[in-house]
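Participant: Fold the following for me, if possible:
(2 chains)
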Amino acid sequence: MSIITDKKRVEEIVARGVIAEVLPTKDEFLKLLLSGKKLKIYIGFDPTSSTLHLSHAKNFILLEEFRQLGHEVIVLFGDFTAQIGDPTGRSDARPQLTEEEVKKNVKDWIAQIKPLMNFDDKKNPPRVLFNSAWLSKLSLKDLIPLASQFTVQQMIERDMFEKRWNNDIPIHLHEFLYPLMQGYDSVAMDVDVELCGTDQIFNALAGRTLMKRLKNKEKFVVAVNLMANPKTGELMSKSRGTGVFLSSPPNEMFGAVMAQPDEMIEVLFINITRIPLNDIKEILNTGPKEAKMHVAFEIVKKFYGEEKATLAKDEWISVFSKKEGPHNAPELKLKKKNISILDLLLESGIKSKSEARRLVLQNAISIDSEVKKNPEEIISLKGGEILKVGKKTFFKLLK
RNA sequence: GCGCAGGUGGCAGAGUGGUCAAUUGCAUCAGACUGUAAAUCUGACGCCUCCGGGCUACGAAGGUUCGAAUCCUUCCCUGCGCACCA
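Facilitator: Numbers count the residues shown, from 1 in each chain, chains lettered A, B, ... in the order given. Take a look at the predicted model:
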């Protein structure tokens, strides 16, 4: 299979704005891509959780572009390193995952990224590897020479560690091993390029160092943007509820994009869609609401196809713009015909009675657009009523 | 090993015998306003409640006390300093 070296196409990929930084330099990377050499490109993930969001998606989309150029791409699951926990982010120790948990997470991942990468390609499918394959076999005898390639000063220099050091927050010895191991991945797979988030540059550079020292090979580090909010610097995260999850059904995904801050519109266009930059400018001129709907549509389309994306858009307009209520609310089957509002809410997934009571007192509950104010009220159901909890949650009640 | 300082709700961080289910900030939820954006305002934010209150909680286990997040004992964990250091 030959490598596509169409200059315009390659340059577009590199210049779009998805790639933040390339080490040693962008120009040399461009040269490499245009050389016609088949490259081995990998990206690594910790399968510690099974929830993926859009910032994961953007990495796979980029990887797919390289695959389509004809390069060998590898999705590496850091099942071994996941047990250590990447010191990037926080200081919490990660739970050790069992083999089954890892397997399940990986299965979920593949299912979620299937729309983004063509795993069924016969000639050049993406490869999926696990770093336990080589890391679990390393002995101390192997580890020591690896560790001797780095100094403690180099490790401590790292922002994360420096901060913790200065604030008397624990730094565990094994955390120093993390960059070593991630670096060794590059050696074991003998890759040419590592794709990673800008927060991973330190780890990726460890791999670059090892490649140079052990194999005398120049490994490129392609750092992609993290899709941070340009105004606040915040990342998409689960805890803040700002994430758009790949596992969400179309309607939810559409809504999650609409709930993004305005500043994210352009970021989303650039990273998740492949609409030409000039066109994006025009779309942004249509105003924030329109532009956001446009990008939401594009994103849902990517995962679920045009038809479902259109439905999701219509649904959103009907529910939130026109406040007409959903066409297809999730169904909630009830055992009893006569039920108190309180019990009804518990059935719908509210965790505690106190919380349910609170919601009622705050006028957050309505049935068929009628606000219910008494938690004890017994209602008798005919079936088909729409229960609304807060502004986002709807249920169709069935007997 | 010795000494010192700590361990409080999702996080940060007050509180040092009763008025503490625990100040405050962030996050979260609801309502108003809106474009399910932002900003702003209001309220809620352990569990149960016949709304009087009850129950469970401040690293763990015991104890003192009418009463403990707060005092004592032991244990576990963390940081800092000292010592040790093939």
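
Participant: Lowest-scoring secondary structure element of chain A by mean pLDDT?
Facilitator: Here the helix or strand of chain A ranked lowest by mean pLDDT, DSSP states H and E is helix A:159-166, holding a mean of 79.

Participant: Would you mind listing what in the stretch 151-300 of chain A touches RNA strand B?
Facilitator: Within reach of RNA strand B by Cβ under 7 Å from any atom of the strand, the stretch 151-300 of chain A has these residues: A:168-171, A:239-242, A:251-252, A:254-255, A:258-262, A:288-289, A:292. C-beta: built from backbone N, CA, C; applies to glycine.

Participant: Report the buried members of these.
Facilitator: A:171, A:242, A:251, A:254-255, A:258, A:260, A:292 (16 or more other Cβ atoms under 10 Å).

Participant: Among those, which pair sits farthest apart?
Facilitator: For these, the farthest-apart pair by Cβ to Cβ is A:Ile171 and A:Asn251; their separation is 44.3 Å.

Participant: Thought A:Pro179 was touching A:Ala147, still the case?
Facilitator: No - in this structure A:Ala147 lies outside contact range of A:Pro179 using Cβ atoms under 8 Å: 10.5 Å.

Participant: For the two, indicate the residue with more neighbours.
Facilitator: A:Pro179 (26 against 14; other Cβ atoms under 10 Å).

Participant: what about the stretch 151-300 of chain A, any weak spots by pLDDT?
Facilitator: The stretch 151-300 of chain A contains residues with pLDDT under 70 at A:232, A:236-242.

Participant: ok, which stretches of it are strands?
Facilitator: A:193-197, A:220-224 (DSSP state E, counting those that start in this stretch).

Participant: Need those strands in TSV (columns: mean neighbour count).
Facilitator: Below are the strands of the stretch 151-300 of chain A laid out as TSV (neighbours: other Cβ atoms under 10 Å):
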stretch	mean neighbour count
strand A:193-197	24
strand A:220-224	22
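
Participant: okay, those in TSV with distance to A:Leu54 next?
Facilitator: Output for the strands of the stretch 151-300 of chain A, formatted as TSV (distance: least, Cβ to Cβ, whole Å):
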stretch	distance to A:Leu54
strand A:193-197	13
strand A:220-224	13
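
Participant: Would you map the helices across the stretch 101-250 of chain A?
Facilitator: A:132-135, A:140-147, A:152-157, A:159-166, A:177-189, A:201-210, A:250-258 (DSSP state H, counting those that start in this stretch).

Participant: For A:Leu359, find the nearest of these.
Facilitator: Nearest of those (Cβ to Cβ): helix A:250-258, 19.9 Å.

Participant: quick one on the thing from earlier: wait, which of the buried ones among the residues of the stretch 151-300 of chain A next to RNA strand B is closest to RNA strand B?
Facilitator: Proximity of these to RNA strand B was ranked by Cβ to the nearest atom of the strand; the top entry is A:Gly255 with 1.8 Å.

Participant: pretty sure that closest one is touching A:Lys392, no?
Facilitator: Yes - between A:Gly255 and A:Lys392 there is a contact under Cβ under 8 Å: 7.2 Å.

Participant: The longest helix along chain A packs against which elements?
Facilitator: Scanning chain A for the longest helix, with DSSP state H as the assignment, gives helix A:288-304. Here helix A:288-304 touches helix A:250-258, helix A:264-272, helix A:277-284, helix A:306-316, going by 3 or more Cβ pairs under 8 Å, 6 or more residues apart in numbering; DSSP states H and E.

Participant: mind listing what's buried in it?
Facilitator: A:291-304.

Participant: Give the burial count for the residue nearest to A:His53 when sequence neighbours are not counted, as a bare number.
Facilitator: Counting by Cβ to Cβ, 6 or more residues apart in numbering, A:Gly243 is the residue found nearest to A:His53 once chain neighbours are left out, at 4.1 Å. A:Gly243 has 20 neighbouring residues, counting by other Cβ under 10 Å.

Participant: Next: A:Gln154.
Facilitator: 15.

Participant: Could you report the distance from it to RNA strand B?
Facilitator: 19 Å (Cβ to the nearest atom of the strand, to the nearest Å).

Participant: quick one: contacts for that residue?
Facilitator: Going by Cβ atoms under 8 Å, 6 or more residues apart in numbering, A:Gln154 touches no other residue.

Participant: quick revisit: what packs against the least confident helix or strand of chain A?
Facilitator: Partner elements for helix A:159-166 (3+ Cβ pairs under 8 Å, 6+ apart): helix A:152-157.

Participant: picking that back up, hang on, isn't the residue nearest to A:His53 packed against A:His56?
Facilitator: No - counting by Cβ under 8 Å, A:Gly243 stays clear of A:His56, with 10.0 Å between them.

Participant: returning to that earlier point: which two among the buried residues of helix A:288-304 are spaced furthest apart?
Facilitator: A:Ala291 and A:Tyr304 (20.5 Å).

Participant: quick check, A:Leu33 in a strand?
Facilitator: No - using DSSP: H, G, I helix; E, B strand; the rest coil, the assignment for A:Leu33 is helix, not a strand.

Participant: Pretty sure it sits against A:Asp27.
Facilitator: No - between A:Leu33 and A:Asp27 there is no contact, the gap being 10.8 Å when judged by Cβ under 8 Å.

Participant: quick revisit: tilt between the longest helix of chain A and helix A:277-284?
Facilitator: Orientation of helix A:288-304 against helix A:277-284 (axes from the mean of the first three to the mean of the last three Cα atoms, to 10 degrees) gives an angle of 130 degrees.

Participant: Which residues does helix A:288-304 contact?
Facilitator: By Cβ under 8 Å, 6+ apart, helix A:288-304 touches A:54, A:115-116, A:244, A:246, A:250, A:253-254, A:257-258, A:260, A:262, A:265, A:268-269, A:272-273, A:275, A:283-284, A:286, A:308-310, A:312-313, A:316.

Participant: again, only this time at 6 Å
Facilitator: Helix A:288-304 is contacted by residues A:115, A:250, A:253-254, A:257-258, A:262, A:265, A:268-269, A:272-273, A:283-284, A:309, A:312-313 when judged by Cβ atoms under 6 Å, 6 or more residues apart in numbering.
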